[in-house]
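J.: Return atomic coordinates for the entry below.
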Amino acid sequence: MTIDLKGQTAIITGSSTGLGRACAIGLAREGMNVVINYHSSDKEAKEVRREIEAAGGRAIAVQADVSKEEEVIKLFEACHEEYGHLDLLVANAGLQADAAFTEMTLEQWNRVISVDLTGQFLCCREAARIFRRQGVHEHSSAAGKIICMSSVHDEIAWAGHVNYAAAKGGVKMMMESMAQELAGDKIRINSISPGAIRTEINRAAWEGEDAMNELLKLIPYGRIGEAEDVANLCTFLASDASDYITGATIYIDGGMMLYPGFRFGG
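T.: Below you'll find the model as predicted:
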């Protein structure tokens, strides 16, 4: 299997930290030009850019709130001005605003839905429009590729996180519907659905021996995931090695989706 992404260009939303950061660095390592998108963490975005450039890659950092249509358009315009084309969107930007369901405010609900679901819609729509105009070209077998960052909670219910689970469930069906509609245009669309990955957003779940031991009860494979695990899958889905894969949700979770509570009889 050959992974060759040289000369291609990717926008990765929410890529100044966490999974987005790992994906941006991983794609750049394989030769992709990278647009690092961030909402407010300018310092972190510049650090990612420096790391990519120090390794010989090309990157720019662009601030944009993905929940705002006009800012999404400016993000894609910045990509075109710098690189002239687009080959991949990784719709990764997301956040949590957790609360018990009966205590959840409308603001908490709207905040998560607007970024985690509407933000992906706006970015995917803009990318699909560009891919349709470009058509298939010399860089890839596809006219363009979209990777939606979802979660095991697009299937696993999550008490105390109703807004987040609803958004990710919406991402799964949105992705499948987009993939069905756009496959004829040679636009490939898939989702990555991570389980427990060691990032800042879930530090409380893995930091410390007691917390880690509790978490590992949910992971049959016996270890927490690392951001690089997700980046490796992202790189594969971006490449022609996955050219016959579209409309798929790939769970990268060490077996969390296997209902680990039933390992010992249930």
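J.: When you work out contacts or count neighbours from here on, use the C-alpha atoms and nothing else.
T.: Fine.
J.: Would you verify that Arg125 is located in a strand?
T.: No - assigned with DSSP: H, G, I helix; E, B strand; the rest coil, Arg125 falls outside any strand and is helix.
J.: How much space separates it from Ile60?
T.: Noted for Arg125: a distance of 22 Å to Ile60, by Cα to Cα, to the nearest Å.
J.: How about Glu53?
T.: Using Cα to Cα, which is the criterion applied here, Glu53 is 10 Å from Ile60.
J.: which of those two has more neighbours?
T.: A direct count of neighbours by other Cα atoms under 10 Å for Glu53 and Ile60 places Ile60 higher, at 21 against 15.
J.: So that one belongs to a strand, correct?
T.: Yes - with three-state DSSP as the criterion, Ile60 is located in a strand.
J.: right, and it touches Val35 too?
T.: Yes - using Cα atoms under 8 Å as the test, Ile60 is close enough to Val35 to be in contact (5.1 Å).
J.: Show me where the stretch 151-266 of the chain has its helices.
T.: Listed in chain order, the helices of the stretch 151-266 of the chain (DSSP state H, counting those that start in this stretch) span 162-182, 203-206, 209-216, 227-238.
J.: Of those, which is nearest Gly14?
T.: Nearest to Gly14 among the helices of the stretch 151-266 of the chain is helix 227-238 (13.7 Å), distances taken as Cα to Cα.
J.: Not counting the closest one itself, show me its contacts.
T.: For helix 227-238, contacts defined as Cα atoms under 8 Å, 6 or more residues apart in numbering pick out 3, 5, 18-19, 22-24, 26-27, 30, 88, 145, 147, 190, 192, 194, 197-199, 242-243, 245, 252.
J.: in it, what counts as buried?
T.: Along helix 227-238, the positions that meet the burial threshold by neighbour count (16 or more other Cα atoms under 10 Å) are 227-231, 234-238.
J.: Format these as JSON lines; extra columns: pLDDT.
T.: Listed next are the buried residues of helix 227-238 as JSON lines, based on pLDDT from 0 to 100:
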{"residue": "Ala227", "pLDDT": "97"}
{"residue": "Glu228", "pLDDT": "97"}
{"residue": "Asp229", "pLDDT": "98"}
{"residue": "Val230", "pLDDT": "98"}
{"residue": "Ala231", "pLDDT": "98"}
{"residue": "Cys234", "pLDDT": "98"}
{"residue": "Thr235", "pLDDT": "98"}
{"residue": "Phe236", "pLDDT": "98"}
{"residue": "Leu237", "pLDDT": "98"}
{"residue": "Ala238", "pLDDT": "98"}
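J.: Let's have the residues you listed in CSV, adding distance to Met174.
T.: Output for the buried residues of helix 227-238, formatted as CSV (distance: Cα to Cα, whole Å):
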residue, distance to Met174
Ala227, 24
Glu228, 26
Asp229, 24
Val230, 21
Ala231, 22
Cys234, 19
Thr235, 22
Phe236, 22
Leu237, 18
Ala238, 19
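J.: Looking at those, spot the one nearest Thr118.
T.: Lowest distance from Thr118 to these (Cα to Cα) belongs to Cys234, with 21.5 Å.
J.: mind checking how far the closest one is from Ile36?
T.: The gap separating Cys234 from Ile36 is 15 Å, by Cα to Cα.
J.: Please check the contacts of helix 227-238 and keep the buried ones.
T.: A residue is treated as buried here by neighbour count (16+ other Cα under 10 Å); on that basis the buried members of those are 5, 18-19, 22-24, 26-27, 30, 88, 145, 147, 190, 192, 194, 197-199, 243, 252.
J.: Cheers, nothing more for now.
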